[in-house]
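Fold the following, please.
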Amino acid sequence: MVKTIKQDEKERRRDYENSIKCRILAINPPIEDFKVQGGLIFPLGLLVIISVLKKAGAHIDFIDCMNPEDKAVKKALKVDSVYYNVFGTCCSMETETKRPDILSDVPRPWKLFGMNYDLLLKELGEYKTPNVILITSGLTYHYRSVFKTISVLKKAFSNVPILLGGIYATLCYEHAVKFSNADYVVRGPGERIIIDLLKNKYNTNISNIPMNNHDEIPGPDLGVYFQRSTRLRHAPIMMNRGCPFKCSYCASDQLSGFVQYSIDNVFQYIIKCVSFGIRSFIFYDDALLINGSSRIDVLLRKIQARKLRVYFSTPNSMHARYITQRRAELMKACGFRYLRLSIETTDHFRMKENPKISTTEFLKAVDYLKAAGFDYRNIGVYYMVGQPAQTRNDMIDTMMFIYKQNVIAIPLQYSPIPGTRDYIKAVADGIINIDMDPLLTNRECFLFSGDETQRETVKRIMRLASCLKRSIEYNCNFSDTDPVSARVRVLLSAM
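Sure, this is the predicted structure:
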């Protein structure tokens, strides 16, 4: 009897299942917080580890609980399509849930974003028992959802070892070891240590692969998303891991050393994504333009020579110091659309603490970008608000300095990150307790635990920044009689 295509496919699938020597389940958990940017924020570290494990011969099952395109999430939301903003984020599944007692003083609703735990447990029932489970973690104050996801995984696969890694696991290592209930906590980049653990500690049948230098480590595997999704609108891209600057408020240097990936590998990754139908890329670099003449410029010229129709966004911000007229024109020609810069403060003394940009360099960069043809409404500039020693005048002066350049001023509400110089100083000054719950480093919580005058100043600045953003978008000015300008004038007079 002639086999049907379906029967043939079934047999091939059965043969593949029988050939699997090591089955890994990889999880990106949901998030519990007052608010999140929303949508698909790619777990790049985990996706790189997935690439490594596939190369070593493992079979990977993958669930990203934050993926709004996940078939189970879309079914629960009863939607067929998802709207994304320019940085690849969007409205995701969210459920209001009980706020932790320690955050009872914060007057905000507490929510679970992404696939809820009941739905996750149900979906896990569709999978065969893995040899090992990998789970990543995001911001330090998002650990509750990581712990709850581990509990769900233990319920579904009671005897399977769980390995926890990611940002929280690295920055709050002792806390994770003590409270997470994971079987092993990985600190820092995990590509090499995961292979060693799987082979020597958990006796799985995988191969050794060469990883003597960072160019031998494969890029992130996006193919695993198509296990549970039919499309990806955006792809993450990274030329450099880490950052050579050591800003007092940033933990980038604790998460990884500064590593620059092969330009050829990055270019081939772009080509592969284009073959999937993906043309929009989001740079996750903290230091994209470092060594630009031998790095980003070379990549962009390759894209030009190949005549690729692709688009780029830089939500992590670029160092304005390294933007030249020529580079701005090259970026524009190669599809850069939505840009973020940063000038955390214009206060002379505070700029000396983190000397990565001067006001003169910033002004030149903005002029170069505008001259290259970038729409001023697509240039956003981050600045810091709510740092413990920051004055009211500093916050206002920085915001107005950015606004006067006719670009979007975007306030970043300060959050103390464990291990940073600012965090250590805040402990020494008695502002925070070294043993405090990581939940209390949440930017909303930190705002409401501080000085009331500072809190009101930050809240007003956030409202004013929103009005200023709208005034830029609608090309208003302070002499106009429209409602936006009127609101700006009222808020300014209240400062």
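
what's the neighbour count on Ala371?
12 (other CB atoms under 10 Å). For the C-beta atoms, the positions are set from N, CA and C on the backbone; glycine is no exception.

actually Lys356, not the one I wrote
Other residues close to Lys356 by other CB under 10 Å number 18.

could we number from 408 for the rest of this?
OK, 408 is where the count begins now, so the last one is Lys763.

residue contacts, it?
With contact set as CB atoms under 8 Å, 6 or more residues apart in numbering, Lys763 has these partners: Phe652, Cys654, His726, Arg728.

Can you verify my assumption that the first one contacts Phe665?
No: the pair Phe652 and Phe665 does not pass the contact test of CB atoms under 8 Å, sitting 9.1 Å apart.

could you flag which of the contacts of Lys763 are buried?
Phe652, Cys654, His726, Arg728 (16 or more other CB atoms under 10 Å).

farthest-separated two in the contacts of Lys763?
Among the contacts of Lys763, the pair separated by the greatest distance (CB to CB) is Cys654 and Arg728, at 13.5 Å.

that older thread, any chance of the contacts of Lys763 in JSON lines, plus secondary structure?
Output for those, formatted as JSON lines (DSSP: H, G, I helix; E, B strand; the rest coil):
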{"residue": "Phe652", "secondary structure": "coil"}
{"residue": "Cys654", "secondary structure": "coil"}
{"residue": "His726", "secondary structure": "coil"}
{"residue": "Arg728", "secondary structure": "helix"}
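
which one of these is nearest Arg515?
Nearest to Arg515 among the contacts of Lys763 is Cys654, at 27.8 Å by CB to CB.

distance of the closest residue to the closest one other than its chain neighbours from Tyr676?
Nearest in space to Cys654, with sequence neighbours left out and distances taken as CB to CB, 6 or more residues apart in numbering, is Asn761 at 4.5 Å. Distance of Asn761 to Tyr676, given as CB to CB, to the nearest Å: 32 Å.

re the thing from before, so the residue nearest to Cys654 touches Ser749, yeah?
No: using CB under 8 Å, Asn761 makes no contact with Ser749, being 10.3 Å away.

ok, and the closest non-adjacent residue to the residue nearest to the spatial centre of the chain?
Taking CA atoms, centre = their mean as the criterion, Ile448 is the residue nearest the geometric centre of the chain, at 5.3 Å. Distances taken as CB to CB, 6+ apart place Met473 nearest to Ile448, at 6.3 Å, with adjacent residues excluded.

Thr536 too?
In space, and not counting its chain neighbours, Thr536 is closest to Phe564: 5.7 Å by CB to CB, 6+ apart.

Pull the number of nearby residues for that neighbour.
Neighbours of Phe564 (other CB under 10 Å): 18.

wait, isn't it in contact with Asn538?
No: using CB under 8 Å, Phe564 is not in contact with Asn538; the gap is 10.1 Å.

The residue nearest to Ile448 belongs to a strand, doesn't it?
No: counting by three-state DSSP, Met473 is not found in a strand; it is coil.

more neighbours, Asn761 and Tyr676?
Ranked by neighbour count (other CB under 10 Å), Asn761 and Tyr676 place Tyr676 first, with 21 against 18.

before we move on, back to that, wait, which of the buried ones among the contacts of Lys763 is closest to Asp801?
For those, the nearest to Asp801 is Cys654 (16.3 Å; CB to CB).
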